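Engineer: Got a sequence here, can you model it:
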Amino acid sequence: MNDLLTERLILHPLTAAEAERVAAGVAGPGDNWAPDYPAEGERVGAGMFLKGRAAAGGDVHPFGGYEIRLRADGRAIGGLGFHGAPDADGAVAIGYGLAESARGRGYATEAVRGIVAVAADWGVTRLLGDTDHDNLPSQRVMLAAGLELTHEDAELKYYAISLA
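Structural biologist: The predicted model follows:
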């Protein structure tokens, strides 16, 4: 699968080898990572990608994990991933995170918008996300990317956008 490009970002589909390095938090010789990448969330996400890939028996893209890289220099600053393939109704959840040093510049919003822009072409009818009640930056990202708050429970706020 090819990289997805936005104005300032490259959404790079992770290979198994890349995901193993991200999950371990150990850069390889060709990796260009921000000093504080990968954070715990990206390491967990890469591990989830590897488990999903193993369960699927191979490539899970386009519904796998992506490394968020800057177009300017190719530096990895975060991750974005699907929580599996769409369900029977075409709904699928995503998660994302950025290195602390990359936050506050609109990169997460741009990455989510990039996925929203292509997800319908992949058969997604509804894109979902959730966040903790106190994670105001993530709530702002989802709203800015076009997702709407659908409901909440004691732990999380849930967002969605219909693409069909």
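Engineer: Show the subsequent helix or strand relative to the helix or strand of the chain with the lowest mean pLDDT.
Structural biologist: Lowest on mean pLDDT, DSSP states H and E among the helices and strands of the chain sits helix 40-56, with a mean of 84. Later in the chain than helix 40-56, the nearest helix or strand by DSSP states H and E is strand 65-70.
Engineer: Give me the angle between the helix or strand following that next one and strand 65-70.
Structural biologist: Next along the chain after strand 65-70, taking DSSP H and E as the criterion, comes strand 76-82. Computed by axes from the mean of the first three to the mean of the last three CA atoms, to 10 degrees, the angle separating strand 76-82 from strand 65-70 equals 150 degrees.
Engineer: just checking, what packs against strand 76-82?
Structural biologist: Where contact means 3 or more CB pairs under 8 Å, 6 or more residues apart in numbering; DSSP states H and E, strand 76-82 is packed against helix 40-56, strand 65-70, strand 91-98, helix 107-119. The C-beta positions use only the backbone N, C-alpha and C, and glycine is treated the same way.
Engineer: what number of residues lie near K157?
Structural biologist: 19 (other CB atoms under 10 Å).
Engineer: what about it, which helix or strand?
Structural biologist: With DSSP H and E as the criterion, K157 is inside strand 156-162.
Engineer: In PDB, list the C-alpha atoms belonging to that strand.
Structural biologist: What follows is strand 156-162, C-alpha atoms only, in PDB (Å, rounded to 0.1, in the frame of the first residue of the first chain):
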ATOM      1  CA  LEU A 156     -15.400   7.900  27.600                       C
ATOM      2  CA  LYS A 157     -16.800  10.300  25.000                       C
ATOM      3  CA  TYR A 158     -17.700   8.700  21.700                       C
ATOM      4  CA  TYR A 159     -17.500  10.400  18.300                       C
ATOM      5  CA  ALA A 160     -18.500   9.400  14.700                       C
ATOM      6  CA  ILE A 161     -18.800  10.600  11.200                       C
ATOM      7  CA  SER A 162     -21.000   9.100   8.500                       C
END
